[in-house]
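K.L.:
A structural model of the following input is requested.
(2 chains)
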2 protein chains.
Amino acid sequence: MRVSLTIKQNRSIINMRIKKLNTLLVVVTLCFAYSPVCANAGGGIINAKYYGIQEGIDNTPVLIKALEACKAQNASKLIIPKGTYGIYPERAHGAYRHIPNNDDGIKRIVFLLDGFKNFEIDGQGSKFICHGQMIPFDLKNSKNIKISNLSVDWDKPFFFQAEVVAVHPGQNAFDLAVFRECNYEIHGDELIFTNKKSKGENDWLNMAPPAQEDVRWEQNINWNIWFDPKTKAPVFNVEEAARLHTWNTKLNKPARAEELGEDLVRLYDATNRLPDVGWVLIIKGNLTKNRLSPAIHITNCKDIIIENTTVYHSSGIALIVDRTENVTLNKFNVLLPPGSGRLVSTTADATHFVNCKGLIKFDSCVFENMLDDATNVHGVYARVIDAVGDYTLGMGRGHSQQQGFVFAEKGDKIKLLNRLSLEPYATLTVESVKNINEYYFEATFREKVKDMVQPESVADNISWQPDVDMRNCIVRRNRSRSILISTAGDVVIDHNKFLDCTYAGVVIPGFVDIWYESGPVKNVIIRNNLFEDMGLGGGNAPIIDIAANINKKVSPPFYFHKNIIFQNNTINTFGRILVRAKSLENFQFKGNKINKSKNYPVVAPENGAAFVFDRCKDILIEKNDYNWGDTATIKAYNTTGMIIRGNKNIEQR
Amino acid sequence: MRVSLTIKQNRSIINMRIKKLNTLLVVVTLCFAYSPVCANAGGGIINAKYYGIQEGIDNTPVLIKALEACKAQNASKLIIPKGTYGIYPERAHGAYRHIPNNDDGIKRIVFLLDGFKNFEIDGQGSKFICHGQMIPFDLKNSKNIKISNLSVDWDKPFFFQAEVVAVHPGQNAFDLAVFRECNYEIHGDELIFTNKKSKGENDWLNMAPPAQEDVRWEQNINWNIWFDPKTKAPVFNVEEAARLHTWNTKLNKPARAEELGEDLVRLYDATNRLPDVGWVLIIKGNLTKNRLSPAIHITNCKDIIIENTTVYHSSGIALIVDRTENVTLNKFNVLLPPGSGRLVSTTADATHFVNCKGLIKFDSCVFENMLDDATNVHGVYARVIDAVGDYTLGMGRGHSQQQGFVFAEKGDKIKLLNRLSLEPYATLTVESVKNINEYYFEATFREKVKDMVQPESVADNISWQPDVDMRNCIVRRNRSRSILISTAGDVVIDHNKFLDCTYAGVVIPGFVDIWYESGPVKNVIIRNNLFEDMGLGGGNAPIIDIAANINKKVSPPFYFHKNIIFQNNTINTFGRILVRAKSLENFQFKGNKINKSKNYPVVAPENGAAFVFDRCKDILIEKNDYNWGDTATIKAYNTTGMIIRGNKNIEQR
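P.N.:
You can find the predicted model right below:
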């Protein structure tokens, strides 16, 4: 029998030797016995088949051993023969991870790439099915890594899904048929969902600290949203009104749950507006600690490519990247599992980039049905606490999901700004950073800071501001925004389709609030895109929202954001507002075509403005074709340099 | 002005130089400028005074700098000038800690001694006031360390305390006056206690992930106990009956809380038996995750002395020690803070020793008002999962509070036993241990294990079994047992007073249950002690309880425990049972004097036995003086070698 070897490149001695072999036994013997040769040679290809990968088992130990061999032999590629493979947390690597914008903790990791170089994982179309709390892919301190041709899913989702099968207005109640993949219990009067049932009826009343192998989590109903199974999108215009709460503040009483039968639950007083029969309830759980298992975590890496890869589910962000240079996403998707009946993919963003640099490139990606944005590219504002030396600032990480985050290292340029005005007042160069704990660190600068640092200051790392190139992508049916962009790098958003999200299409934020996500943009081009049915959640969501949460006293000539071009886009919308911008210098809105949505009724305030500018400068609105049915109006406060020309149905009032 | 230097030894060049100095300024300059000299010399004494320690500030950075200097200069002692010093978590060391029998997590640490040798901290009578979640003392990988002359407290306790000021039987309700140190809120209908109030009335309804500097915890009412302010002990004989629950299973409805006024709360349906006016409610919080801030954590150390040191409070165990050789506690106390009005000291054990060896010595310690035992000395049963190689077992840590625990290292002797019978069947020597994650590890042995290992096996590390010597100590007014002893080392318990605990005086356990605390005893002498008013919690608690949770089919000639002498003790008791023992070989109960308690009424079943033996061998009950008022009876099942002679009022039935 000739062995079908999947080695494509012949870069090493070991490969040439392998080609001569013709029995599986000899190949296996070689892989183990000749590993010193492999290690010396490097560049070889390892096939997980020879480490025992197979369907129907826990492949975690297999993959850990195969990756250990890749590291030891300096292999260039790990090949996974096409299959559907279960991976489990019990025998996975355990490591404490600070993961920005997700929940920190000890994580169970299967594909742990720490200190890898010039390495590829080729899944050949394989699907990995995770079980429980785990991170399938965790990359750190690695360079030139490619992940391709695979997908990731979980056996059961971390969210609760249930369809409304009856409503009882007289009782302020509705009945839910629980989705087959979800477990739930009624604790007292409360609906709880969980990965596995309690052992006994009232087990949850007892003190029973579980062994690790029996880890059980519980979530309550407080974080929730309604989806419409007909559109597979969030239900139109009810996001707040129909929200469930464990405590109903309007009625001043708790919600109550009652089990009517197996997988059939009645909820009383959970909402102030009853849902419609047929709506599907999605619950993420508690208001915090609901982002426990991202699918791919990348930190302190360089030159990462993810290609032909799909994440079907994760608890938290599907792909979270921090302090990494150059990331290419080519056909990286976040999708509903086909035929699954689920209405949600990941329970937070599809992708998220924190303090990165180089180029973040998206090409031909599809992101659908997330419970948060398709992407969010931002820095981190560190809080300045005090000067602890002439050259040293005591600093803190502002948000609970930024703890332990590497804010800066030697050589980085840091901008100090006032958190109320957002006005920068100094640029410094980092000499050293001493981490005292996950919150507090001391940064020493080349410049004297003691007498110069102002009260209420925050710091932004301007050395880590990536360029972003997003093209040919589709974002659809997600909660929240399509994309958020907060980077001083060059940004091009071109030929994408942004469809059916609950808030704005593009948000360019400017806040030093609880999230502490930094910074202003300097060069953003958004062109040739389709925006359709933004603002499903209700309210009056703009297509592009350029925010700057500055003190009311802060006025021009300071402008927070600069240079945004919004051009040749098509907007099909049921809302009236198109652009909201604050503290922005140089904005061009030109050649766009605006139509009324065919899918949803109008939700817009009477006589609302289509453009609102606050403390802006140099605004050009030119050659836009406004076919929404009335005349679009522009409101501008404390704004100079407005040019409005050649538009159809747009005028300043 | 001559500086008063507190240096007692002149072992180093630096000390001799210091003696010649006569101004504070020069001393300070020297301490910093000459540090390389200090580092070379070693053995010096550092006074925290010169690092800026003072009352009224956060002394954490001061103490960290002083300890860094001690380490760098190889100092022999850190002196803290007498004072009351605040220490805070914000700028403390941050490190993830696995702490057995407490809750793991990132801990904030002030006195971090990692890799110290021959070093003493002399507090000179100082008191350290902690704030929030932190571990003031954390020692690891250190040798010959002494901590003396200091005390530790927290500004606010981690428990909730409130006095019953009224009861309303018609409404199944009672009113609580909340202790001045405690914060609480009513969330919906639920009483919550917390370290700091929410920012707004309904802040708890919102998603507001806090920054680390603003960390806020909440606890519910589920873990609770009643104290009697007149006795300062747990309320007599009501422990279970008057327990509070958020969900009342008897009435099948939730408990409800209502705020009547500032620090005045009415609770409805929280108990099935209303408390008396004047009782004090103590709540630890949730059933799990309520042991977050031990006061002193010691791991992987040798030769530790703690002297003239008092812990007034901690969340969890005051002193938790694991994998450490030789610990001496001389006047180490856990006490109520004088004049504080608090009725509880630490919220778990006073001391706790896991997989230690050498000698654990207690002399002249006082342990009072803990919510758990005065001490618990035990090993850890690791679960055997499977043989993953001829010489290698895949193993798991059984309890959630044993995760990451170092079960064994190279050279340790391991005993395998069946978890249902507790019968050992093999002794192995560890060759290496590979930790895969905090739960799972692989241990390789010198012996072949693959075909020998039996199903349902656990492992006990017999190389780490300490001797225990406890004398002249007082244990009083705590919940749970006075002491637990599970070590194969030599144990002497001599001249102690064990007073007013809610269960047995001495427990010698034998369980492979959820706690996974190992092992049998081989040589225990308990003599000349006073046991008074054990079993306050109700039921029929023995003075000494020797347990072995073995399968019913397991019979002699296998005996789990061996060689226990209980001699010349005085027992003043309101209960009838004195001794309960299972699977014990060689027990002597002699020369003890048993009187009826003068403090509490009798709580004992009619005609209950005073001695119960099950599957035991060689029992001697001799020359005891039983003055309880009737005749003590002995019940023995499947027990051989009983000798009963020379007793007053004791007979076998």
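
K.L.:
dump the residue contacts of A:Ile109.
P.N.:
When contacts are counted by C-beta atoms under 8 Å, 6 or more residues apart in numbering or on different chains, A:Ile109 touches A:92-95, A:134-138. C-beta coordinates here come from the backbone N, C-alpha and C atoms, glycine included.

K.L.:
how about A:Gln171, phi and psi?
P.N.:
Backbone geometry at A:Gln171, expressed as degrees, to the nearest 10, gives phi -100, psi 0.

K.L.:
what's around it, how many residues?
P.N.:
By the criterion of other C-beta atoms under 10 Å in any protein chain shown, A:Gln171 has 11 neighbours.

K.L.:
Greatest separation within the contacts of A:Ile109: which pair is it?
P.N.:
A:Gly94 and A:Phe137 (15.6 Å; C-beta to C-beta).

K.L.:
Bridge partners for the closest residue to A:Glu622 other than its chain neighbours, pull those for me.
P.N.:
Residue nearest to A:Glu622 in three dimensions, not counting chain neighbours: A:Lys590, with 4.2 Å by C-beta to C-beta, 6 or more residues apart in numbering or on different chains. Listed beta-bridge partners, A:Lys590: A:Gln567, A:Glu622 (assigned using DSSP bridges).

K.L.:
returning to what we had before: now intersect the contacts of A:Ile109 with the strands, please.
P.N.:
For these, the ones inside strands are A:93-95, A:135-138, with DSSP state E as the criterion.

K.L.:
Contacting chain B as well, which ones from the residues you listed?
P.N.:
Among the ones in strands among the contacts of A:Ile109, the residues lying close to chain B (C-beta under 8 Å from any C-beta of the partner chain) are A:93-95.

K.L.:
In the stretch 551-653 of chain A, what residue comes closest to chain B?
P.N.:
Closest contact between the stretch 551-653 of chain A and chain B, by C-beta to the nearest C-beta, is at A:Asn551 (20.4 Å).

K.L.:
That residue: what's its closest spatial neighbour, skipping adjacent residues?
P.N.:
Here the residue nearest A:Asn551, using C-beta to C-beta, 6+ apart, is A:Leu420, at 4.4 Å.

K.L.:
could you dump the ones in strands among the contacts of A:Ile109 to TSV with neighbour count, pLDDT and distance to A:Asp412?
P.N.:
Shown next, in TSV, are the ones in strands among the contacts of A:Ile109 (neighbours: other C-beta atoms under 10 Å in any protein chain shown; pLDDT from 0 to 100; distance: C-beta to C-beta, whole Å):
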residue	neighbour count	pLDDT	distance to A:Asp412
A:His93	21	97	30
A:Gly94	21	96	31
A:Ala95	17	95	26
A:Ile135	29	98	27
A:Pro136	26	98	31
A:Phe137	23	98	27
A:Asp138	24	98	24
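
K.L.:
could I get the residues you listed as a markdown table with distance to A:Val524?
P.N.:
Converted to a markdown table, the ones in strands among the contacts of A:Ile109 look like this (distance: C-beta to C-beta, whole Å):
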| residue | distance to A:Val524 |
| --- | --- |
| A:His93 | 39 |
| A:Gly94 | 41 |
| A:Ala95 | 37 |
| A:Ile135 | 32 |
| A:Pro136 | 33 |
| A:Phe137 | 30 |
| A:Asp138 | 31 |
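
K.L.:
wait, which of the residues you listed is closest to chain B?
P.N.:
A:Gly94 (2.5 Å).

K.L.:
Tell me if I'm right that the closest one and B:Asn437 touch.
P.N.:
Yes - taking contacts as C-beta atoms under 8 Å, A:Gly94 lies within contact range of B:Asn437: 2.5 Å.

K.L.:
shared neighbours, the two?
P.N.:
A:106, A:108.

K.L.:
How about the contacts made by the nearest residue to A:Lys156 once chain neighbours are set aside?
P.N.:
Computed as C-beta to C-beta, 6+ apart, the closest residue to A:Lys156 that is not its neighbour in sequence is A:Glu181, at 5.0 Å. The neighbours of A:Glu181, taking C-beta under 8 Å, 6+ apart as the test, are A:156-157, A:161, A:340-342.

K.L.:
Farthest-apart pair in the residues you listed, please.
P.N.:
Using C-beta to C-beta, the contacts of A:Glu181 span at most 12.5 Å, a distance reached by A:Lys156 and A:Gly341.

K.L.:
Look at these two and report which has more neighbours.
P.N.:
A:Lys156 (18 against 13).

K.L.:
List the contacts of that one.
P.N.:
Going by C-beta under 8 Å, 6+ apart, A:Lys156 touches A:181-183, A:195.
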